[in-house]
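A.B. asks: Need coordinates for the following:
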Amino acid sequence: MGELIRSTTGPQVHVVIDTPPTLPAAKADPNQLEMALLNLAVNARDAMPDGGTLRISTHEDHVREGVVPGLRKGDYIKISVADTGTGMDQATLARAVEPFFSTKGVGKGTGLGLSMVHGLAQQLGGALKVSSRPGFGTNIEIWIPQTAEELPGAESDIEITSSPSLSRATVLLVDDEELVRLSTADMLVDLGYKVVEAASAQDALALIDNGIQFDLLVTDHLMPGMTGTELADITRLRRPGTAVILISGYAEDRGIDPKVPRLTKPFRKQELSDLLQAIVVHGERSPG
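C.D. replies: Okay, here's the model as predicted:
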């Protein structure tokens, strides 16, 4: 996770990760939590255009009643994401967790970063607090309840076998959402694949026209300008027999060929691995 955050923020941002060797279990979906931290890392990066420091720390926190607004007394894991960026004034801070509120320009983010993280914290029975001052950076604190339940091992501890005839293959990964693309690329690399990324269908077609060699197309369905289904159709005309996986949301069935292998967001690495193996075992290549 640390390397993914460092690659996301770039060399101008010094990333410090401060976590104890062990922590009590917290009941949270690892993929959702990873996406939340990536969201916050991207926000921090954008708030430090000239570089700076991003510090991510975790520790146990025994919260008393009334100390943290909206948080019940209990034992929590506290995650802090602090940057040395431009900071926010009170007016901006008051609206920071509103859906689609963003200080970024058009085309520079969905405006769902802090809102999504806030919603996740509430969904888990925790809380989120944002502290910021202009010129002094921003500190975001997330509390997640500890759990006494015995949880399965972390996904990274579970042996996941990549597809036999696609292992070490090259995947052309297409998604206009930077965070989803980064997270998916990280999963594919963990599974042993080489990844070439494209931020749009047009960028992907330009790579194909320039002669890029790849074995599998993994593409988001809903993208500006051209859908993933349209991209898949054009790709198969230019590269017959190309294997395709479409990534879509729950309500994005329209226009998707039911014969095309599909992943529904959010998905886990194991689900991605299983689908890759199914493509090999069942020969789920270009339909028809």
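
A.B. asks: The chain - how does it break down into domains?
C.D. replies: Each domain of the chain is listed here as a residue range: 2-145, 155-281, per automatic domain parsing.

A.B. asks: Just the endpoints, please. Distance across the first one?
C.D. replies: With CA to CA, to the nearest Å applied, domain 2-145 spans 23 Å between its terminal residues.

A.B. asks: now for the helix or strand where residue 145 lies, which elements pack on it?
C.D. replies: Counting by DSSP states H and E, the element that carries residue 145 is strand 137-145. When contacts are defined as 3 or more CB pairs under 8 Å, 6 or more residues apart in numbering; DSSP states H and E, strand 137-145 packs onto helix 30-46, strand 52-63, strand 74-83, helix 113-123, strand 127-133. All C-beta atoms are positioned from the backbone trio N, CA, C, and that covers glycine.

A.B. asks: Now find how far off-centre it is within its chain.
C.D. replies: Remark: strand 137-145 is offset 18 Å from the chain centroid, using CA atoms, centre = their mean, to the nearest Å.

A.B. asks: Same question for stretch 77-88.
C.D. replies: On CA atoms, centre = their mean, the centre of stretch 77-88 falls 19 Å from that of its chain.

A.B. asks: Show me what it is in contact with.
C.D. replies: Stretch 77-88 is contacted from outside by 23-24, 26, 37, 40-41, 44, 46-48, 52-61, 96, 103, 130, 132-146, using CB atoms under 8 Å, 6 or more residues apart in numbering.

A.B. asks: Using the three-state scheme, assign the residue lying closest to residue 176 once chain neighbours are set aside.
C.D. replies: Counting by CB to CB, 6 or more residues apart in numbering, residue 176 lies nearest to residue 223, which is 4.7 Å off, once chain neighbours are set aside. Here residue 223 is coil, with the state taken from DSSP: H, G, I helix; E, B strand; the rest coil.

A.B. asks: and if you look at residue 86?
C.D. replies: Classification of residue 86 by three-state DSSP places it in coil.
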